[in-house]
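Colleague: My questions concern the predicted model and sequence given below.
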Amino acid sequence: MNITVNDMNLYYEVTGSGDPLIMVHGNGEDHKIFDKAAEVLSKHFTCYLLDSRGHGQSRQVNEYHYEDMAEDVYQFTQALHLENITYYGFSDGGIIGLILASRHPKLLDKMIISGANTRPDAVKKWITTVFKIVNRIHRKPLFELMLTEPHITKKQLQSIETPTLVLAGSKDLVLEEDTRFIAATIPNATLKILEGENHANYIVHKTKVADLILEYCGKKC
């Protein structure tokens, strides 16, 4: 399906029944990474699987900002008149969720984020170095996004009223200190560091993240 919100044409798919669960992927991906998880989650939720602006089948853009992407999601919820919303965001999707929840404290019932960071230097140095080298050779707007954003402040995190599960792998690309900062600063947050997992291997085309979401939401798998 396609919808125009915030002057942006977004593609999304809907599956399942129940209260809405919005799922937003990471940088350079699309909604298809949640194929396995959505099979499980659709038994409990109406899953809205979005392609962020410039990704997948959504309209392409030349410049990216997390604030714009968060506004896209907010207007999406308003256009579809969604209520009792659970939000799940992976990586960039998690960043979008933090901004969304800080801007609209009453919007979401629950939020689960995986591998989100609050600032560009809160990821391991080697991956930043790779992004910089590639971006010098061939400009990539999505790499520029990660090299220059986000800038989520302590005040923004403190303003989040949504009960939040903060996930990361013990081998994540995001520095554990930043993950712990997010969880310690959001008033109603729970932290879970997944031993042996990296940034994406429990999420992309996997059901494990679905089990974690259902457990947090008090639903049986």
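Modeller: Sure thing, it's come through.

Colleague: can you give me the helices in this protein?
Modeller: Using DSSP state H, the helices found in the chain span residues 35-41, 66-79, 92-103, 125-137, 141-148, 154-158, 176-185, 208-216.

Colleague: So which of the ones you listed is nearest Ile112?
Modeller: The closest of those to Ile112 is helix 208-216. By C-beta to C-beta, the value is 5.4 Å. Heads up, the C-betas are built off the backbone N, CA and C, glycines and all.

Colleague: now the helices of the chain in a markdown table, with distance to Cys47 and mean pLDDT?
Modeller: A markdown table is the format used below for those (distance: least, C-beta to C-beta, whole Å; pLDDT from 0 to 100):
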| stretch | distance to Cys47 | mean pLDDT |
| --- | --- | --- |
| helix 35-41 | 5 | 98 |
| helix 66-79 | 14 | 98 |
| helix 92-103 | 14 | 98 |
| helix 125-137 | 29 | 85 |
| helix 141-148 | 25 | 92 |
| helix 154-158 | 26 | 98 |
| helix 176-185 | 24 | 98 |
| helix 208-216 | 10 | 98 |
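
Colleague: okay, those helices, which one's buried deepest?
Modeller: helix 92-103 (a mean of 26; mean count of other C-beta atoms under 10 Å).

Colleague: Quick check, pLDDT for the residue nearest to Lys110 when sequence neighbours are not counted.
Modeller: Closest residue in space to Lys110, ignoring its immediate chain neighbours: Thr86 at 4.6 Å, by C-beta to C-beta, 6 or more residues apart in numbering. At Thr86, the predicted lDDT confidence score is 98.

Colleague: And for Arg59?
Modeller: Looking at Arg59, the pLDDT reads 97.

Colleague: mind listing what the residue nearest to it when sequence neighbours are not counted touches?
Modeller: Spatially, and ignoring its direct neighbours in sequence, Arg59 is nearest to Asn9 (4.3 Å; C-beta to C-beta, 6+ apart). For Asn9, the contact set (C-beta atoms under 8 Å, 6 or more residues apart in numbering) comprises 2-3, 58-59.

Colleague: okay if I get those residues as JSON lines plus distance to Glu29 and neighbour count?
Modeller: Listed next are these as JSON lines, based on distance: C-beta to C-beta, whole Å; neighbours: other C-beta atoms under 10 Å:
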{"residue": "Asn2", "distance to Glu29": "19", "neighbour count": "11"}
{"residue": "Ile3", "distance to Glu29": "19", "neighbour count": "16"}
{"residue": "Ser58", "distance to Glu29": "12", "neighbour count": "21"}
{"residue": "Arg59", "distance to Glu29": "16", "neighbour count": "15"}
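
Colleague: Can you verify my assumption that Thr77 contacts Ile22?
Modeller: Yes. Under the criterion of C-beta atoms under 8 Å, Thr77 makes contact with Ile22 at 7.3 Å.

Colleague: Give the residues shared as contacts by those two.
Modeller: By C-beta under 8 Å, 6+ apart, the residues touching both Thr77 and Ile22 are Ile85.

Colleague: count of neighbours near the spatially closest residue to Asp30 that is not a sequence neighbour?
Modeller: Closest residue to Asp30 apart from its sequence neighbours, by C-beta to C-beta, 6+ apart: Gly56 at 3.0 Å. Neighbourhood size, Gly56 [other C-beta atoms under 10 Å]: 20.

Colleague: still on that earlier bit, out of the contacts of Asn9, which two sit at the greatest distance?
Modeller: Ile3 and Arg59 (11.1 Å).
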